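>>> take a look and give me a structure for this.
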Amino acid sequence: MPQLNRLGIIAKIVGILTWVKRPDRVRRVFGWVLRIFASEVNHGWGVILSHSIPSKVPKTAARRDQYAQDSELPATAPGHVRQTVVHGKQTVRITGGALRSRRLHFPAMPGLRPTPDRVRETLFNWLGQNLAGLRVLDLFAGSGILSVEALSRGAVWAVAIEQSARVVSEIQRNFEDLGIDATRVRVWQADALAWLRQASTQHLAELPIDLVFLDPPFAHPALLNNALLALNQADWLAADARVYVECSARGSPIDFPGWAIVREGRAGESRFMLWRRAVAQNDCLIQTES
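Numbering: from 1, shown residues only. Below you'll find the predicted structure:
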């Protein structure tokens, strides 16, 4: 009997060692432990570590997104913004400037779609990493990430326009948490088109506006052309102002008379462009990024 017991123990040890030889199983168990730990830690290392455990990720974009949804990990398909879910909110990373690598929180709401990391990096390579002295208008602000990226790179002032009261509250909280001086920002809860039609020196503490971010919901394509029409009639834009536009790659051609595309790119389902005033009829130099 003692001999059988010894053989049984040896068999169990051999079984455990055989199981441990499968690193994917070890990673899976370790990942479960860290995710349990992360659920108890608010903004802690547990969240970071639990999302860094390597695992077998499907190769196709559709399966990769489904895998991300099932495992509560960020999608990795091209054009997607990497997000981390923390207590019902999502976070997005600042890509450059004084606040680089800090994170913003925003509600997990349908249609709320921050500009992807790669697109933001491309945009600010176009604009330059030093935006000192620039005044920024962020229409359809959403998470507010474009305003923050500009302020992080030295923009002197930014105004963000967002219709949702819940999102506006989160934008204001993010500015406070990041330590951004309240005199450098203003957040308006308003319909962006209505705000544009009424915008004046009473609304804009700093004039003229040098840079406009325009990223309306893809589901409402008419918003984009209406916003561009209103911008074209604005008298508070600087002579050398630039307008960044992000829209669906499947959308109709954009009508922006008197302005020229100087840079253009595409990522996934998004098309993004940088415009400036056309100083001559043939002033339309397009450089493509992909």
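>>> please name every helix or strand in contact with the longest strand seen in the chain.
When the chain is parsed with DSSP state E, its longest strand is strand 237-248. The elements that strand 237-248 packs onto, with contact taken as 3 or more C-beta pairs under 8 Å, 6 or more residues apart in numbering; DSSP states H and E, are helix 117-127, strand 209-214, helix 222-232, strand 270-277. To be clear about C-beta, it is placed using only N, CA and C from the backbone, and glycine gets the same treatment.
>>> buried residues in it?
Neighbour-count burial for strand 237-248 flags 237, 241-247 (criterion: 16 or more other C-beta atoms under 10 Å).
>>> widest-spaced pair of those?
Using C-beta to C-beta, the pair of the buried residues of strand 237-248 lying farthest apart is 237 and 247, separated by 19.8 Å.
>>> how close does residue 160 sit to residue 279?
According to C-beta to C-beta, to the nearest Å, residue 160 and residue 279 sit 30 Å apart.
>>> have a look at these two and say which one is more surrounded.
Legend: neighbour count by other C-beta atoms under 10 Å for residue 160 and residue 279, higher for residue 160 (27 against 11).
>>> strands of the stretch 51-200 of the chain, start to end?
84-86, 89-93, 103-107, 135-139, 157-162, 185-189 (DSSP state E, counting those that start in this stretch).
>>> correct me if wrong: residue 109 contacts residue 164.
Yes: between residue 109 and residue 164 there is a contact at 7.3 Å, judged by C-beta atoms under 8 Å.
>>> just the helices and strands packed on strand 237-248: most buried one?
strand 209-214 (a mean of 23; mean count of other C-beta atoms under 10 Å).
>>> quick one: it to strand 135-139, angle?
20 degrees (axes from the mean of the first three to the mean of the last three C-alpha atoms, to 10 degrees).
>>> got a list of contacts for strand 209-214?
Here strand 209-214 makes contact (C-beta atoms under 8 Å, 6 or more residues apart in numbering) with 127, 131, 134-141, 146-147, 150, 155, 224, 227-228, 231, 236-238, 240-246.
>>> looking at it now, give me its mean pLDDT.
Taken as a whole, strand 209-214 carries a mean pLDDT of 97.
>>> just stretch 218-230 next, same as before
91.
>>> now stretch 250-261
Per-residue scores along stretch 250-261 average to 90.
>>> show me what counts as buried in that stretch.
Per 16+ other C-beta under 10 Å, stretch 250-261 contains these buried residues: 254, 256, 259-261.
>>> what two of the residues you listed are the furthest from one another?
254 and 260 (11.7 Å).
>>> how is the protein divided into domains?
The chain is divided into the following domains under automatic domain parsing: 2-56, 86-289.
>>> between the ones you listed, which has the poorest average model confidence?
Looking at the domains of the chain, the bottom one is domain 2-56 with a mean of 53.
>>> now do the longest strand of the chain and helix 117-127, the angle between them.
150 degrees.
>>> ramachandran angles for the residue nearest to residue 274 when sequence neighbours are not counted?
Once flanking residues are discounted, residue 274 sits nearest to residue 263: 4.2 Å by C-beta to C-beta, 6 or more residues apart in numbering. Per-residue torsions, residue 263: phi -140, psi 150 (degrees, to the nearest 10).
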